[in-house]
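A.B. asks: the following block contains a protein sequence and its predicted model.
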Amino acid sequence: MSEYKTIFQTISATAEAVVEDNGYYGNYGGSFIPEILVPAFAEIKEHFEAIKQDEAFWKEYCSLLADYSGRPTPLTYADRLTDYFGRAKIYIKREDLNHTGAHKLNNALGQAMLAKKMGKTRVIAETGAGQHGVATATAAAKLGLSATIYMGREDMERQYSNVFWMKRLGAEVIAVDYGSRTLKDAINEALRDWVSSFETTHYVLGTASGAHPFPAIVSYFQAVIGIEAKEQILRAEGRLPSRVYACVGGGSNALGVFQAFYPHDDVELVGVEAGGQGKGSGRHAARIAYGEGRAGVAQGFKTLFLQNNDGQMNDTYSLAAGLDYVGVSPILADLSERGRVRFTAATDTEVVEALEIIMKTEGLIPALESTHAFAGAFNDITESSGSDIFIINMSGRGDKDIFNVAEGLNDDEWKAFIRRKARQFEDGAR
Amino acid sequence: MMMNGKHLSGEKPGSSKMGLAERITVRQSGKPIQMMTHQILGYPDFDTNYEMIRLFQESGVHLVELQLPFSEPIADGPVFLHANQASLASGTTTKQCLEFAGRVVTDFPGLSFLFMTYYNVVIQYGIEDFVKECAAIGIQGLIVPDAYPEESHEFMEACRKHRVEPVLIVTPYTTSERLAYLSAETGGFLYCAARKGVTGTKTSFGKETEAFITRVRGMARTPIAVGFGIQSDQDVRFLEGKCDIAIIGTQLLNVLEHEGLSGVKRFLQTIIPA
Ligand SMILES: Cc1ncc(COP(=O)(O)O)c(C=O)c1O
């Protein structure tokens, strides 16, 4: 299939457009790593440069995406949702239809392949919502690597179904029991593992953050989302969208869908952060939208972090575990500063409301993370007109969120079911 | 602010012009090894920090590493991680740490004090302001493991300007080319992390450590210190005559937590050469 080469060349050209050589994106990025990790990063940089030129690598990668993960994912015209608002035409990019139910697998497969190229036998990863953990465990199983996944204790409770799957997929899941017990703490713990294991182990970072070249690597492997979406919208509408919406945790799905549109100035790119309990509540993860993130260095890179005056990281909060991160991709911090990406936030309440609308109008169940992108678009939609086209990136499916959503919707029948189930297990144990 | 000179009252007149490396060299004569101990400021509290430092001076410690706590201490193992977080939870601020350091520098003139922290703490204070303040209170060196030297020009510059020495770290995995670079850039001494991993877990000191130290010695222009995983007097005896300074961190905190200040006193007596 000659299209492998085309896809690879497009990925390469698209990702190259945002990736700068020294690992800086304007004022952000860089590499602030302890000395012990210097050889690990040198090795990754060398192999990443090599695979960029390696046609066989991309051929295998594209064939895994096509035949294993199920790409291309569709771009669904949301006719009933469009009618519901009666404004912009809404299209949904269906990353939920990727194998394992989220965009995360695009990156996990690519990095697992990179790990093998480097001769590693083990991968480690951090995970918030569990989707990156499941994707890494899956890629490891498929490629014959062992996997250890770090997850904050709080996130394990919120996303237990993914913990269950990770373990069944053969990964070891380690609970992180300190700090805010969420994503940032899982990253710290993965780094602690890596400083003692880098000779055999690759750290599959799950998002476009961290020290150089991780933001570049993850952007590369996620670029496929936007490349497909652009081609699909041109086929469907004969023109580019007016806006593209994506939720932003670390920024991998947002950069994934944004990059292909990056050169087209008339396409507005909108990143939607976790507004949690709202501006001023101190309980959110809106680093850019609420203007509270300040430049700093942590976890190996420079970006906007939610921190206090002494540089200590604040606790973050969101209903969506995958958006609950204290920093943001340095690439997005730069794109925001340069006015290329607009940032907004959706609160938990807006997200739950949006979820109900999407389920009832389109029969889709987006992940709570992805629902932020929808809520962001819905908040804006009244100022759009029938001649506008919105693309919303549905980064993942919501099955994993059944407990949180049922709780959020205060669903009595579900609660009764859980009680029955618990009783059954207790009786069985007796 | 006028403490310059004062903290050196125990030393010979004129010695205030001495840099950290020179002080270490002067002090070295006849000693098998010097000791550097470590404290996380505000943990368990500043009063205990102070008492610990008093014990350090009494026991013949030479250098003290005061760690300013950070919420994401990625190079630290579980014991220090917990101490960092507990200190912050009890409300420790950078300002308090600087004030405390100013006090101990004055009260314990026999000791050389260094700060260890993470880069963001320095950045948020203001890089130049922080280094200037360190110089003013008599802090002689700074260990900032994530201020990757190639990326931290402003920090390195400020250190040079205010004559506070930036102590860089090397590991057994550091290539010879990089070792040459780091040896040239470091101030005070070269910090040799004896193994991979985070602080805390035991290092088995043996032929490999010896080969590593020999390799560093061949390159270094400053004294060299070895740290990470030193837990017993045997470890220190092993290092005697091989490097200039032995750094003891986690084990000291373990002893404090399990045996209190009197335990620390006994422990220091066993590890510090008479
Ligand atoms: C479905 C889904 N979407 C989005 C995210 C947020 O991550 P990012 O911003 O890196 O794409 C996550 C993270 O766990 C996720 O699971």
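C.D. replies: Yep, it's here.

A.B. asks: what's the domain layout of chain A?
C.D. replies: A:1-70+A:103-214, A:75-100+A:224-406 (the TED database).

A.B. asks: mind putting those in TSV, mean pLDDT included?
C.D. replies: What follows is these, written out as TSV (pLDDT from 0 to 100):
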stretch	mean pLDDT
domain A:1-70+A:103-214	92
domain A:75-100+A:224-406	97
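
A.B. asks: where along the stretch 51-200 of chain B do the helices fall?
C.D. replies: B:78-89, B:94-107, B:119-125, B:127-137, B:153-162, B:176-185 (DSSP state H, counting those that start in this stretch).

A.B. asks: for the helix or strand hosting B:Arg23, packing partners?
C.D. replies: Taking DSSP states H and E as the criterion, B:Arg23 maps to helix B:20-28. Identification of packing neighbours for helix B:20-28 by 3 or more C-beta pairs under 8 Å, 6 or more residues apart in numbering or on different chains; DSSP states H and E yields strand B:34-40, strand B:112-116. C-beta here means a position set from N, CA and C on the backbone, and glycine is covered the same way.

A.B. asks: out of the ones you listed, which gets nearest to A:Gly256?
C.D. replies: strand B:112-116 (38.9 Å; C-beta to C-beta).

A.B. asks: return the angle between stretch directions for that closest one and helix B:127-137.
C.D. replies: 160 degrees (axes from the mean of the first three to the mean of the last three C-alpha atoms, to 10 degrees).

A.B. asks: and the contacts of strand B:112-116?
C.D. replies: B:20, B:23-24, B:36, B:38, B:62-68, B:97, B:101, B:104-105, B:134, B:138-145, B:167, B:188 (C-beta atoms under 8 Å, 6 or more residues apart in numbering or on different chains).

A.B. asks: pLDDT on the lengthiest helix in chain A, on average?
C.D. replies: Ranked by residue count under DSSP state H, the longest helix found in chain A is helix A:412-429. Helix A:412-429 shows a mean pLDDT of 94 in the predicted model.

A.B. asks: enumerate the residues of the stretch 101-250 of chain B near chain A.
C.D. replies: B:118-121, B:123-125, B:145-148, B:151-152, B:168-171, B:173-175, B:178, B:182, B:193, B:196-198 (C-beta under 8 Å from any C-beta of the partner chain).

A.B. asks: and those residues, which of them are buried?
C.D. replies: Among these, those classed as buried by neighbour count (16 or more other C-beta atoms under 10 Å in any protein chain shown) are B:118-121, B:123-125, B:145-148, B:151-152, B:168-171, B:173-174, B:178, B:182, B:193, B:196-198.

A.B. asks: where in the stretch 51-200 of chain B is pLDDT low?
C.D. replies: Low-confidence segments of the stretch 51-200 of chain B (pLDDT under 70): none present.

A.B. asks: what is the burial count for the single nearest residue of the stretch 1-150 of chain B relative to the ligand?
C.D. replies: Of all residues in the stretch 1-150 of chain B, the one sitting closest to the ligand is B:Glu72 (18.5 Å; C-beta to the nearest ligand atom). Other residues near B:Glu72 come to 28 when the count uses other C-beta atoms under 10 Å in any protein chain shown.

A.B. asks: at which residues are the strands of chain A located?
C.D. replies: With DSSP state E as the criterion, chain A has strands at A:24-25, A:28-29, A:75-77, A:89-94, A:122-127, A:146-152, A:172-176, A:201-203, A:243-247, A:268-276, A:294-298, A:301-305, A:341-347, A:389-394.

A.B. asks: B:Gly77: which of these is closest?
C.D. replies: So among these, strand A:172-176 is nearest, using C-beta to C-beta, at 14.0 Å.

A.B. asks: just give the closest residue to the closest residue to the ligand within the stretch 201-350 of chain A, not the sequence neighbours.
C.D. replies: Here the residue of the stretch 201-350 of chain A nearest the ligand is A:Gly322; by C-beta to the nearest ligand atom that distance is 2.5 Å. Spatial nearest neighbour of A:Gly322, excluding adjacent residues (C-beta to C-beta, 6 or more residues apart in numbering or on different chains): A:Ala129 at 3.3 Å.

A.B. asks: thought A:Leu319 was touching that neighbour, still the case?
C.D. replies: No: at 10.9 Å, A:Ala129 and A:Leu319 do not qualify as touching, with contact defined as C-beta atoms under 8 Å.

A.B. asks: the more surrounded of the two?
C.D. replies: Of the pair A:Ala129 and A:Leu319, A:Ala129 is the one with more neighbours under other C-beta under 10 Å, namely 29 against 26.

A.B. asks: and stretch B:221-232, which residues are buried?
C.D. replies: For stretch B:221-232, a neighbour-count test (16+ other C-beta under 10 Å) marks B:222-231 as buried.

A.B. asks: B:Ile66 and A:Glu49, how far apart?
C.D. replies: Ile isn't right for residue B:66; it's Leu. 41 Å (C-beta to C-beta, to the nearest Å).

A.B. asks: neighbour-wise, which of those two wins?
C.D. replies: Ranked by neighbour count (other C-beta under 10 Å), B:Leu66 and A:Glu49 place B:Leu66 first, with 24 against 11.

A.B. asks: what's across from that one in the sheet?
C.D. replies: B:Gln39, B:Phe115 (DSSP bridges).

A.B. asks: spatially central residue for chain B, please.
C.D. replies: For chain B, the residue nearest the mean C-alpha position is B:Glu65 (3.4 Å; C-alpha atoms, centre = their mean).

A.B. asks: how near is that one to A:Lys230?
C.D. replies: B:Glu65 is 54 Å from A:Lys230, where distance means C-beta to C-beta.

A.B. asks: ditto for A:Asp412
C.D. replies: 45 Å.

A.B. asks: between these two, which one's more packed in?
C.D. replies: A:Lys230 (23 against 9).

A.B. asks: for the residue nearest to that one when sequence neighbours are not counted, give me its contacts.
C.D. replies: Counting by C-beta to C-beta, 6+ apart, the nearest residue to A:Lys230 once its immediate chain neighbours are dropped is A:Ala260, at 4.4 Å. Contacts for A:Ala260 (C-beta under 8 Å, 6+ apart) come out as A:10, A:14, A:223, A:226-227, A:229-230.

A.B. asks: now distance to B:Pro32 too, for the residues you listed, in JSON lines please.
C.D. replies: Shown next, in JSON lines, are the contacts of A:Ala260 (distance: C-beta to C-beta, whole Å):
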{"residue": "A:Thr10", "distance to B:Pro32": "65"}
{"residue": "A:Thr14", "distance to B:Pro32": "61"}
{"residue": "A:Ala223", "distance to B:Pro32": "59"}
{"residue": "A:Gly226", "distance to B:Pro32": "64"}
{"residue": "A:Ile227", "distance to B:Pro32": "65"}
{"residue": "A:Ala229", "distance to B:Pro32": "68"}
{"residue": "A:Lys230", "distance to B:Pro32": "69"}
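
A.B. asks: just the ones of the residues you listed in helices?
C.D. replies: A:10, A:14, A:226-227, A:229-230.

A.B. asks: quick one: which of the residues you listed is nearest A:Lys421?
C.D. replies: Distances from A:Lys421 to the ones in helices among the contacts of A:Ala260, taken by C-beta to C-beta, are shortest for A:Ala229, at 39.9 Å.
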